[in-house]
Structures are given as structure tokens and as C-alpha cells.
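# Fold the stuff below for me.
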Amino acid sequence: QVQLVESGGGLVQAGGSLRLSCAASGRTFSTWIMGWFRQAPGKEREFVAAIRGSRRYADSVMGRFTISRDSAKNTVYLQMNSLKPEDTAVYYCAADSTLGPMSTIPRTYDYWGQGTQVTVSS
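Okay, here's the model as predicted:
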């Protein structure tokens, strides 16, 4: 069974930075698509970034966030710079094991972490 465990969330002032980590266990995942999503209170879960060979970002985070992976450590990272109050949300790591095209739709991903809170104060 695959487990995804996020860490690195917290409280930061606007303009600051955080790095989220997602450690995967149970299987190797070098060919899987790994993604980050977020969900703010009262809103739907939304796509943030994904990586396999290529990377894809939501327009709202382009140029500020960077997704990367370390296959040797089975870990995916999300470096978040120039944070804004509207980035406040629970951030989820997700894995798509189906080997299909990269997707921004949550239901495409079959494994999820428990989430980590990111709060950006103004």
C-alpha cells in the first residue's frame, strides 16, 4: 500500500517562503505523476503543480512555486516563494499511478496524503 506523508507547512508572512515535502513509501514511484493540490475553506480542491518528466503549474503559482522530485529518496518537494495570503490552504500531495497523461483533475490521482496547513498572513 502506498503512503504519502506531507510536511513543511506552517505560518509565514506575505512575501515569505516555505518548502513542502511529500515522502512516499510502499512502492517506487519514479514513473508516476506526482502532484500538489490545495483546498481553502469553503472552496474546491484545486491543482497547484505536477511532475513526471515535465512540470506543470497552475497559472496562479507560475513563477513563484517550483515542484521537484528526488527519486532516490522517494520524495517530492514544492518550493513556494513570494507567498500571498490567497495561497492559504491545506496542501495535499497526490500520486497518479495510471501512467496516463498529466492531469489537473483531482479524481485522476489515486493516492493522497493527509494534507499540511499553509497559512500566509498579510
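
# Please name the nearest non-neighbouring residue to Y111.
A95 (4.1 Å; CB to CB, 6 or more residues apart in numbering). Any C-beta I mention is one placed from the backbone N, CA and C, and that applies to glycine too.

# repeat for R52
I33 (4.7 Å).

# and if you look at A50?
Sequence neighbours aside, G35 is the residue nearest to A50 in space, at 3.9 Å (criterion: CB to CB, 6+ apart).

# which parts of the host helix or strand of the one you found are buried?
Here G35, judged by DSSP states H and E, is contained in strand 33-39. Counting neighbours by 16 or more other CB atoms under 10 Å, one finds that the buried residues in strand 33-39 are 33-38.

# Make a markdown table out of those residues and add distance to Q1.
What follows is the buried residues of strand 33-39, written out as a markdown table (distance: CB to CB, whole Å):
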| residue | distance to Q1 |
| --- | --- |
| I33 | 19 |
| M34 | 17 |
| G35 | 19 |
| W36 | 21 |
| F37 | 21 |
| R38 | 24 |
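
# returning to what we had before: then the strand holding G35 to PDB, C-alphas only?
C-alpha atoms of strand 33-39 as PDB (Å, rounded to 0.1, in the frame of the first residue of the first chain):
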ATOM      1  CA  ILE A  33       2.900  11.600 -11.900                       C
ATOM      2  CA  MET A  34       3.200  13.400  -8.600                       C
ATOM      3  CA  GLY A  35       1.100  16.400  -7.900                       C
ATOM      4  CA  TRP A  36       0.300  19.000  -5.300                       C
ATOM      5  CA  PHE A  37      -3.200  20.300  -4.800                       C
ATOM      6  CA  ARG A  38      -4.700  22.700  -2.300                       C
ATOM      7  CA  GLN A  39      -8.000  23.400  -0.700                       C
END
